[in-house]
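> Show me how the following folds:
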Amino acid sequence: MTQHETEQAIRAALRGEQTAYRRLFEAHCEAVYATVQRLAWHTEAAEELTQDVFLKAFGALQTHDAARATFATWLQRIAYNTGVSYLRRKAPPDLLPVDDDLLADETVYGDDIGTIFADESEDNIERLLRAVDKLPPEEQHILTLRYHDNLSLQEMGYILSVSAPALSNRLQRIRKKLHQQLTSPAL
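Residues are numbered from 1 along each chain as shown. Purely as a prediction, here's the structure:
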């Protein structure tokens, strides 16, 4: 659905046209589901959360400001916040502990980390995916928004309600965690 078609569907939905709600849902349900599924981890929970996201979005449709964010970005923000609220109610799965001393280590920067991430061998990619799976869901989501969805730090900041510089710092810390996991003998 193009941006123009989305705006038309929003106006129609605000007039009460049920088919417009359906068009918006069908155009965006896969992206919303993918977001909440990454955070919730379970299919049943993700399906329920997807419904919750659309109920919230459609209930607040008149508050969408196209000048601030596209409908898709606005919807992703609702999806992220809904997923995070779900996580706060549920205990997260066991995660690999990370040595906080390593995060403060000035020697683990740029080239060392970049070299590991630049290795596109099948073995390294498998190790990287296993390491990403051990990160908390919120950190996995940040990586997905940046490297899979190719969002800018500004777009990510809107979705996550975080400034671009703060996100840049978070990404660096996440990369350091991945570096630690990839270089530890446990993996």
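> domains of this structure?
3-89, 100-183 (automatic domain parsing).
> For the chain, which element, helix or strand, carries the lowest mean pLDDT?
helix 100-103 (a mean of 38; mean pLDDT, DSSP states H and E).
> How far does the longest helix anywhere in the chain sit from its chain's centre?
Ranked by residue count under DSSP state H, the longest helix found in the chain is helix 18-40. The chain centre lies 14 Å from the centre of helix 18-40; the measure is C-alpha atoms, centre = their mean, to the nearest Å.
> ok, residues contacting that helix?
For helix 18-40, the surrounding residues in contact (C-beta atoms under 8 Å, 6 or more residues apart in numbering) are 1, 5-6, 9-13, 43, 45-47, 49-50, 53-54, 58, 71-72, 75-76, 79-80, 82-84, 86-87, 137-138, 140-141, 144. Any C-beta I mention is one placed from the backbone N, CA and C, and that applies to glycine too.
> tell me the mean pLDDT over it?
For helix 18-40, mean pLDDT is 92.
> State the next helix or strand along the chain beyond that helix.
Remark: after helix 18-40, the chain's next helix or strand is helix 43-59, criterion DSSP states H and E.
> What is the end-to-end distance of stretch 55-64?
Taking C-alpha to C-alpha, to the nearest Å, stretch 55-64 runs 14 Å from one end to the other.
> Quick check: chain neighbours aside, which residue is closest to the residue nearest the centre of the chain?
The centre of the chain sits closest to residue 141, judged by C-alpha atoms, centre = their mean, with a distance of 3.2 Å. Among residues not flanking residue 141 along the chain, residue 38 sits closest, at 5.3 Å (C-beta to C-beta, 6 or more residues apart in numbering).
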